[in-house]
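Enquirer: Return a 3D structure for these sequence lines:
(chains A and B)
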Number of protein chains: 2
Amino acid sequence: MGLGWRHFRRRNNVAQTRATIADIAREVGVSVPTVSKVLNGRLDVAPGTRSRVEEALARHSYRKPVAGPTNGSGPRLLDLVFHQADNLWAQEIITGVERVCGEQRVGVVLSELGGSHRPPQEWIDDVMARRPLGVLLVLSSLDETHRHQLSSRSIPFVVLDTQGEPPAGVPTVGSNNWNGGLAATRHLVGLGHRRIAVISGPDDVLCSRARVDGYRSAHDEAQLPRDPALVRWGAFDAESGYRFGRELLSLPDRPTAIFAGSDYQALGVMRAARELGLRIPEDVSVVGYDNLPITQWLNPALTTINQPLREMASLATRMLLTLSAGGPAPTTQVELGTELVVRASTAPPPPTPTPGAV
Amino acid sequence: MGLGWRHFRRRNNVAQTRATIADIAREVGVSVPTVSKVLNGRLDVAPGTRSRVEEALARHSYRKPVAGPTNGSGPRLLDLVFHQADNLWAQEIITGVERVCGEQRVGVVLSELGGSHRPPQEWIDDVMARRPLGVLLVLSSLDETHRHQLSSRSIPFVVLDTQGEPPAGVPTVGSNNWNGGLAATRHLVGLGHRRIAVISGPDDVLCSRARVDGYRSAHDEAQLPRDPALVRWGAFDAESGYRFGRELLSLPDRPTAIFAGSDYQALGVMRAARELGLRIPEDVSVVGYDNLPITQWLNPALTTINQPLREMASLATRMLLTLSAGGPAPTTQVELGTELVVRASTAPPPPTPTPGAV
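Expert: Numbers count the residues shown, from 1 in each chain, chains lettered A, B, ... in the order given. This is a model prediction of the structure:
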């Protein structure tokens, strides 16, 4: 075995200043093939030995030389990782990745972390055994150990739609969430709404916070007072939209418009309004976020913010394939534009104020 | 390299009656490693040689010995192939496959055929190079050459929701489409509908035909006349539902209920009804098919036929993993049950007959 290792030796006939596999092996007191096995994600190495090798690799910031394009005898794979994949949002991203990988004949390996934002060690082990051209993390991130494990195998990674502050040097692709929040709220303000609620994603997720900040800015520029009671943070699913929608629309001075953090949340808000006997858009306006293809079919068709998910995914995939071919590091942080799509779920607020309104 | 080949030789020290790689090589007039390369999906073999080797493999019904579970040093992968994957129906299947593969630490490689029901040769080449544990084909099938190419590499395959008559011996997992059509139509007949339209998928896809036959049987058992003008065949998407919905609901003696072949088609029918000023369910009842999670959030919530897509996908995945481990061939054709889910889009027909009705 040890294709990586043979390749490594070949490359190392050229001058090198960094630690070699032989240096690592000597330092840890194991054989060169053992280090090679650890690098290649093989599981037939004792756990203790494995962790000592990993530590030495980390200490030396070891990086396996990149295999040239002619060298790849294994299958060409790309790992795509979701914190949660059972929704249309994930589907759009899969389609964008598939579009590029299909052309390039790269197999897309899909993983789902069951709602967690960080992959477990077993997943990293499996990735190292698969040796993909790269890893695309969607709304999830890696801790430092895992980042180092991938770098030491020269497996590049790109983060799509970052959940937290990305570490320096990690390439990311996102969209302009602040602008999305601004555009949605400006639209509602322009229609005459004065009490506008926002339902966002979790408050420890960067994109949620950026959208709410855009919502606040639209209030500030229109010199509208902001009511903290109209801001809700939660999951991006329809259930959360429904729950917060019921709460908000049951307030004595209920909002006349709700800006939801996702199209799924908007679906929940719309059901909550129906159940409370409120018509959309006559009694309450609803704006979604994402512009999933299904939103044009809803009743009423949903006004929403277009987030170019397919394009974001295609771009991130191209970045990964460039990095894996040893190409120049692309710009590390790319953000694509968002824009308002006006459909039938928004209108001016009802002429008469609601009973409890001031 | 050549792990498969070495393994093969080891196994062939045991008595064998079938052609060996050496026999094939001798017959074609190439070296043993060349045959091995072709078997392993390597591309560094001249096309002419390759096709002569393939022909000899097919002639002898050659089958590469199955690698035992202790032998797998490569990544454990499963290939999942869709004719089209950019919708929630595909998402449900991905979730079902992922559920089993996640547990078993098998990577799922996703491919989309861009609407075609048969994979191209490049895809087969890539699969042979990846050497997955198995291939799961969704609403698509393989021609005889491709089937033979996979069998000769001992890569098992299972077809999910068959598009056409599956060849003898190919394991399939589906659901009871005939019963789904029967249950949907019985429900409408029971509510008092007498003019019921059906929109199905393409008429060369088995599941579409089975559903329409169920619809016909429900008419026959209720001794209701069947009007061929109320039966439409088309794609499973929302656009088709919209187009056929407009046509059907514009007829002088329009139907009072429409049974759609998919939840997406039902979305299109519902939009068509709205545009024509018809209320659902007061003026027209709509039944969908699939019971996608989003249907409970629609306005009105959709009455539909539950097709257990996740369970079907999980079952097909388990069948594949059993086959790949050299386990006994499972029952070749499995069909899971379908059932009616009544929500808010169906009701008795309007009391007064429509103007043009007899």
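
Enquirer: Run through the residues that contact the residue nearest the centre of chain A.
Expert: Nearest residue to the geometric centre of chain A (C-alpha atoms, centre = their mean): A:Leu139, 2.6 Å. Residues near A:Leu139 by C-beta atoms under 8 Å, 6 or more residues apart in numbering or on different chains: A:82-83, A:117, A:160-163, A:205. C-betas here are computed from N, CA, C, even on glycine.

Enquirer: surely A:Leu248 meets A:Phe259?
Expert: No. A:Leu248 lies out of contact with A:Phe259 (C-beta atoms under 8 Å); the separation is 11.0 Å.

Enquirer: picking up where we left off before, kindly reformat the contacts of A:Leu139 as JSON lines and extend each row with secondary structure.
Expert: As requested, these are exported to JSON lines (DSSP: H, G, I helix; E, B strand; the rest coil):
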{"residue": "A:Phe82", "secondary structure": "strand"}
{"residue": "A:His83", "secondary structure": "coil"}
{"residue": "A:His117", "secondary structure": "coil"}
{"residue": "A:Leu160", "secondary structure": "strand"}
{"residue": "A:Asp161", "secondary structure": "coil"}
{"residue": "A:Thr162", "secondary structure": "coil"}
{"residue": "A:Gln163", "secondary structure": "coil"}
{"residue": "A:Val205", "secondary structure": "coil"}
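
Enquirer: Contacts only, for the closest residue to A:Glu339 other than its chain neighbours.
Expert: Using C-beta to C-beta, 6 or more residues apart in numbering or on different chains and skipping residues adjacent in sequence, the residue nearest A:Glu339 is A:Asn306, 5.1 Å away. Residues near A:Asn306 by C-beta under 8 Å, 6+ apart: A:290-291, A:338-341.

Enquirer: Same question for A:Gln91.
Expert: Residues near A:Gln91 by C-beta under 8 Å, 6+ apart: B:85-88, B:90-91.

Enquirer: cool, and A:Leu320?
Expert: Taking C-beta under 8 Å, 6+ apart as the test, what A:Leu320 contacts is A:78, A:133-136, A:156-158.

Enquirer: Let's have those in CSV, adding distance to B:Gly327 and secondary structure.
Expert: Compiled in CSV, these are given as follows (distance: C-beta to C-beta, whole Å; DSSP: H, G, I helix; E, B strand; the rest coil):
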residue, distance to B:Gly327, secondary structure
A:Leu78, 30, strand
A:Leu133, 33, coil
A:Gly134, 34, strand
A:Val135, 32, strand
A:Leu136, 34, strand
A:Pro156, 38, coil
A:Phe157, 36, strand
A:Val158, 39, strand
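
Enquirer: returning to what we had before: got the phi/psi numbers for the residue nearest to the centre of chain A?
Expert: phi 50, psi 40 (degrees, to the nearest 10).

Enquirer: next one: A:Ala197
Expert: When quoted as degrees, to the nearest 10, the phi and psi of A:Ala197 stand at phi -100, psi 160.

Enquirer: Can you give me the domain boundaries for chain A?
Expert: Per the record, chain A has its domains at A:3-59, A:77-175+A:312-336, A:177-308, by automatic domain parsing.

Enquirer: Export these to CSV and append columns for mean pLDDT and distance to B:Pro255.
Expert: Shown next, in CSV, are the domains of chain A (pLDDT from 0 to 100; distance: least, C-beta to C-beta, whole Å):
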stretch, mean pLDDT, distance to B:Pro255
domain A:3-59, 72, 59
domain A:77-175+A:312-336, 88, 30
domain A:177-308, 96, 20
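
Enquirer: Nearest to B:Gly190, out of those domains?
Expert: domain A:177-308 (25.7 Å; C-beta to C-beta).

Enquirer: sorry, back to before: got a winner among the contacts of A:Asn306 for most neighbours?
Expert: When neighbours are counted by other C-beta atoms under 10 Å in any protein chain shown, A:Asp290 leads the contacts of A:Asn306 with 28 neighbours.

Enquirer: Just the helices from chain A, written as ranges.
Expert: Along chain A, the segments classed as helices by DSSP state H run A:3-12, A:21-28, A:32-39, A:47-59, A:88-103, A:121-130, A:144-152, A:177-190, A:206-221, A:238-249, A:263-275, A:309-324.

Enquirer: what number of residues lie near the closest residue to A:Leu191 other than its chain neighbours?
Expert: Nearest non-adjacent residue to A:Leu191, counting by C-beta to C-beta, 6+ apart: A:Pro348, 4.9 Å away. Neighbour count for A:Pro348, taken as other C-beta under 10 Å: 15.

Enquirer: Quick check: closest non-adjacent residue to A:Arg99.
Expert: Nearest residue to A:Arg99 in three dimensions, chain neighbours excluded: A:Ser314, at 5.6 Å (C-beta to C-beta, 6+ apart).

Enquirer: so the one you found touches A:Val97, yeah?
Expert: Yes. If you go by C-beta under 8 Å, A:Ser314 and A:Val97 touch, sitting 7.2 Å apart.

Enquirer: Have a look at those two and say which one is more surrounded.
Expert: Neighbour count, other C-beta under 10 Å: between A:Ser314 and A:Val97, A:Val97 has more, with 26 against 21.

Enquirer: How about A:Gln104, nearest residue that isn't a chain neighbour?
Expert: A:Leu321 (6.3 Å).

Enquirer: And for that neighbour, the neighbour number?
Expert: Using other C-beta under 10 Å, A:Leu321 has 19 neighbouring residues.

Enquirer: how many neighbours does the nearest residue to A:Ile21 once chain neighbours are set aside have?
Expert: Leaving aside its sequence neighbours, A:Ile21 sits nearest to A:Val35 (C-beta to C-beta, 6+ apart; 4.9 Å). Look at A:Val35: counted by other C-beta under 10 Å, it has 28 neighbours.

Enquirer: Around chain B, which positions in the stretch 101-250 of chain A sit nearby?
Expert: Residues of the stretch 101-250 of chain A lying close to chain B by C-beta under 8 Å from any C-beta of the partner chain are A:102, A:105, A:107-112, A:114, A:122, A:126, A:129-131, A:238.

Enquirer: Of those residues, which pair is most distant in space?
Expert: The two members of those with the most space between them (C-beta to C-beta) are A:Arg131 and A:Ala238, at 38.5 Å.

Enquirer: which one among the residues of the stretch 101-250 of chain A next to chain B gets closest to B:Thr295?
Expert: Nearest to B:Thr295 among these is A:Ala238, at 11.3 Å by C-beta to C-beta.

Enquirer: For the closest one, give its distance to A:Trp89.
Expert: 12 Å (C-beta to C-beta, to the nearest Å).

Enquirer: Go ahead and confirm A:Arg318 touches A:Val100.
Expert: Yes. The criterion here is C-beta under 8 Å, and A:Arg318 meets it with A:Val100 at 5.8 Å.

Enquirer: Tell me which of those two has more neighbours.
Expert: A direct count of neighbours by other C-beta under 10 Å for A:Arg318 and A:Val100 places A:Val100 higher, at 19 against 15.

Enquirer: Now do the contacts for the more buried one.
Expert: A:Val100 touches A:106, A:314, A:317-318, A:321, counting by C-beta under 8 Å, 6+ apart.

Enquirer: same thing with A:Arg216?
Expert: Going by C-beta under 8 Å, 6+ apart, the list of residues near A:Arg216 reads A:Arg226.

Enquirer: Let's see that with 10 Å instead.
Expert: Shown in contact with A:Arg216 (C-beta atoms under 10 Å, 6 or more residues apart in numbering or on different chains): A:178, A:181-182, A:185, A:198, A:226, A:231.
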